[in-house]
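Visitor: Okay, predicted coordinates and the sequence, questions at the end:
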Amino acid sequence: MKAFVFLSCLVFPGFASFTFAEQNLYVSADATAESDGSPEQPFNTLNQARDKIRQLRKEGKLKQGEGVTVHINPGIYSQQSSLELMAQDSGTESGPIVYRAAKGGKVLIQGGISLNAESFQAITDESVLSRLDPAARDKVKVCDLSKIISSPFPEFKTAYRGSPSAPWLYVDQQPMTLARWPNLSDETNGGWTEFSKTIDTGLPRPDSDDPALKKLHPGSFVFEDSRPARWNLEEGVWLHGYWTHDWNDEAIRIDTYDQENKIIKLAAPHSYGINAGTWGAKKRRFFALNTFEELDAPNEWYLDRKNKRLYYYPENELATSEIVLATSTQSLVKVEGTKHVKLIGMEFQYAHADGMLIRNTDHFEVIGCVVANLAGSGISFHGTSGAIRSCDVFNIGRGGISLNGGDRQSLTPAKNVAENNHIHHYGHFQRTYAPGVGVHGCGQIVRNNSIHDAPHNAVLYSGNEHLFELNDVYRVVMETGDAGAFYTGRDWTSRGNILRHNFIHDLGGGEASHVNTMGIYLDDCDSGDTLEGNVFYRAGRALMIGGGRDNPVLNNLVVDCPIGLHIDARGMTWKQWNNPDHPSWMLEEKAERLNYRQAPWSTRYPRLAAIMNENPREPLGNPIRNNAFINCSKQVCSFDGNVKKLLDKFEIVDNLAVSTTGEAKVSDVQGFNNLTGSKEKPIDLGVDSQSTRESLSQIQKWVQSQKISFEAIPIENIGLYKDEYRIALPTQ
């Protein structure tokens, strides 16, 4: 059988031309050296198939407009360098280049080394055993890597934000835990320990006689627990902490430990110092990692980098486990400048790097793929008319998917789409500002994704004309504060974005008394977003507008959230506003760079064009219409003093606030219809279902029966859906 087959040759009466269909190549993990890409003699790697396509094009055997499908047979394809696709690897609209997993099994592209269970043996070295907790000594196994890996392992950096140095251990498709204290199973503080007394914040001391103290320097603090006395600091112990703010994490090596006075000194400074606090929080938190002495819990591991000994405490018998050491520090896929290329149905896993770096592409599609178990980001995409659809992205060190492209200056949309993706358990290493979906540029679409289980943001965005709709977001911002599930900030020009029909629920993080977890957070005077028809359930401070303008709040359903809507006037009082000493706060300057008073900006955003003539520091133009707030335990509307003075400039009409038993709050702001029940006579919302979604649908029907113009939100259409590539839906 020939490798290259014309599938059709259509001749129409009156026409002498004919149309070519695709050619086919085949790849198999167990292929022999003799290969031509045919089904009988498939290639061994994707690179070989790519190079064959280049050869065919060079020899003129790949006609203009003719596509190629590379069929990849089930198997494991290990690689230590990227699959690179460049402009020369492009297809056309009528003849795309497609890399597709063949049916019948899993196609796994991995950047790691598979280890045999038999290579893990009992520890016999008494000097090693003596360092372990007695209860763990007969449970921890060791694997000698010296015969497998010849090159030295890199050392950890003194301080890092994001992933530590390679490698990382994965067992049965899950990342294992580098030996740490407290253990993840510690229920007291969720795997964290705390301190409150700082000796030296590490911030510059201008009045100090010591030149080293005049600049940012390593800090120190009192830690009352004597646990650090057990650790071998010469080998290196790192503390991963939220040192000042609950939205900024960093791992820093311990320099010294004063056992008598219980003082830990860090080996590098933290940019915000130590123990300055966020929203009044007095205590700071951290956990220790890379500590052999703390290898005492199932699924923990430790690497003796010098002697190449891998120690592991298995939770179950290893005989049937899939054990992979992710060693590659290159992205699994690297794309630059291609057109009309598709990756379909493959799994990309186990690299101590990013999964896919896709740059400057047109019509590049990633469909039905698994991108998982990576130290970096999942899929980083920059281009136009691209799609990431029906993919599973999980166990990611940083963010899940990022979309960029389009032109903000001309407001030309990129038309990239992230749709029907299941993105979860990300932010494993970089725990803040590593979102499930990051969006920048102009004109991206984020639709019908399920995003959950992460320490910080679900969606982090900037730029213009983005659409976020029908996304199911839950269990995010789980360990951070002053943070939002959807977050953007500090920009007048980030306009034209629409957030509609998203379901944001079951958020958690920070101290409940501060209510510093937000559903949608427009921070620091961010302006020009439409918040319409979203559902918030147990979402902390549901909607927060931090001093911004022109943000319509329309037809949202807020249920069982402590605070429904927050608006403040920080632009009127904060010294940072338009202050050259704070460059990120130069809001007018950011607008000037985009010629905001000239077309197309002036015609698309006339209110922005006139902003300097309309009391720019005031949070004006935020209409609040047709929203329903049900059982907000602390406040329906949290408005600061300056906002309350400006309420006559606000459009607040046709909203509903309900306290079903009289224990929650209703609104003291005009434009609300308040309904209050009592414990004896609670308001019946018509809920008779155990399902959260069905209950919210019933509440919505009840709201529509009241004196409020509330339009139905398509709750039943939110989140993932079945298609050719997602044949079953996950359970939450």
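Guide: That came through, no problem.

Visitor: Neighbours of the closest residue to A136 other than its chain neighbours, how many?
Guide: Nearest non-adjacent residue to A136, counting by CB to CB, 6 or more residues apart in numbering: D296, 4.5 Å away. Where C-beta positions appear, they are placed from N, C-alpha and C, glycine not excepted. D296 is flanked by 20 other residues according to other CB atoms under 10 Å.

Visitor: Quick one: residues contacting D296.
Guide: L132, D133, A135, A136, A179, N183, Y313 (CB atoms under 8 Å, 6 or more residues apart in numbering).

Visitor: So which of those residues wins on neighbours?
Guide: If you rank the contacts of D296 by neighbour count (other CB under 10 Å), A179 sits at the top with 26 neighbours.

Visitor: one step back: going by distance to G376, which of the contacts of D296 wins?
Guide: A179 (22.3 Å; CB to CB).

Visitor: Thought E294 was touching that closest one, still the case?
Guide: Yes: assessed by CB atoms under 8 Å, A179 is found in contact with E294 at 4.7 Å.

Visitor: shared neighbours, these two?
Guide: Joint contacts of A179 and E294 (CB under 8 Å, 6+ apart) are E300.

Visitor: so what secondary structure elements neighbour the helix or strand harbouring V643?
Guide: Counting by DSSP states H and E, the element that carries V643 is helix 641-645. Where contact means 3 or more CB pairs under 8 Å, 6 or more residues apart in numbering; DSSP states H and E, helix 641-645 is packed against strand 563-568.

Visitor: Name the strands paired with the strand it packs on and say parallel or antiparallel.
Guide: strand 541-546 (parallel), strand 635-639 (parallel) (DSSP bridges).

Visitor: How far away from the center of its chain is the shortest one?
Guide: A distance of 29 Å separates the C-alpha centroid of strand 635-639 from that of its chain, computed with CA atoms, centre = their mean, to the nearest Å.

Visitor: Adjacent strands (with direction) for the strand ranked longest in the chain?
Guide: For the chain, the strand with the greatest residue count under DSSP state E is strand 356-367. Using DSSP bridges, strand 356-367 pairs in its sheet with strand 333-336 (parallel), strand 339-344 (parallel), strand 379-384 (parallel), strand 387-389 (parallel).

Visitor: Can you pull out the low-pLDDT segments for the protein?
Guide: 1-21, 187, 276-281, 509-514 (pLDDT under 70).

Visitor: give me that answer again for 90
Guide: 1-22, 32-34, 63-65, 104, 185-190, 275-283, 481, 508-516, 707, 731-732 (pLDDT under 90).

Visitor: Buried residues, the longest strand of the chain. List them.
Guide: Residues of strand 356-367 classed as buried: M356, L357, I358, R359, T361, D362, H363, F364, E365, V366, I367 (neighbour count, 16 or more other CB atoms under 10 Å).

Visitor: who touches that strand?
Guide: 82, 93, 96, 331-345, 348, 371, 378-391, 725.

Visitor: again, 6 Å this time
Guide: Contact with strand 356-367 is made by 331, 333-344, 379-389, 725, as judged by CB atoms under 6 Å, 6 or more residues apart in numbering.

Visitor: mind listing what the helix or strand that comes right after that strand pairs with, with the direction of each?
Guide: Using DSSP H and E, the next helix or strand after strand 356-367 towards the C-terminus is strand 370-374. Take DSSP bridges as the rule and strand 370-374 pairs in its sheet with strand 347-351 (parallel), strand 392-396 (parallel).

Visitor: ok, and what's touching the first one?
Guide: Right, the one you point to is strand 347-351. Residues contacting strand 347-351 (CB under 6 Å, 6+ apart): 108-112, 170, 324, 326, 328, 332, 355, 370-374.

Visitor: go on, the last one?
Guide: In this structure, residues lying in contact with strand 392-396 by CB under 6 Å, 6+ apart are 175, 370-374, 378, 400, 422-426.
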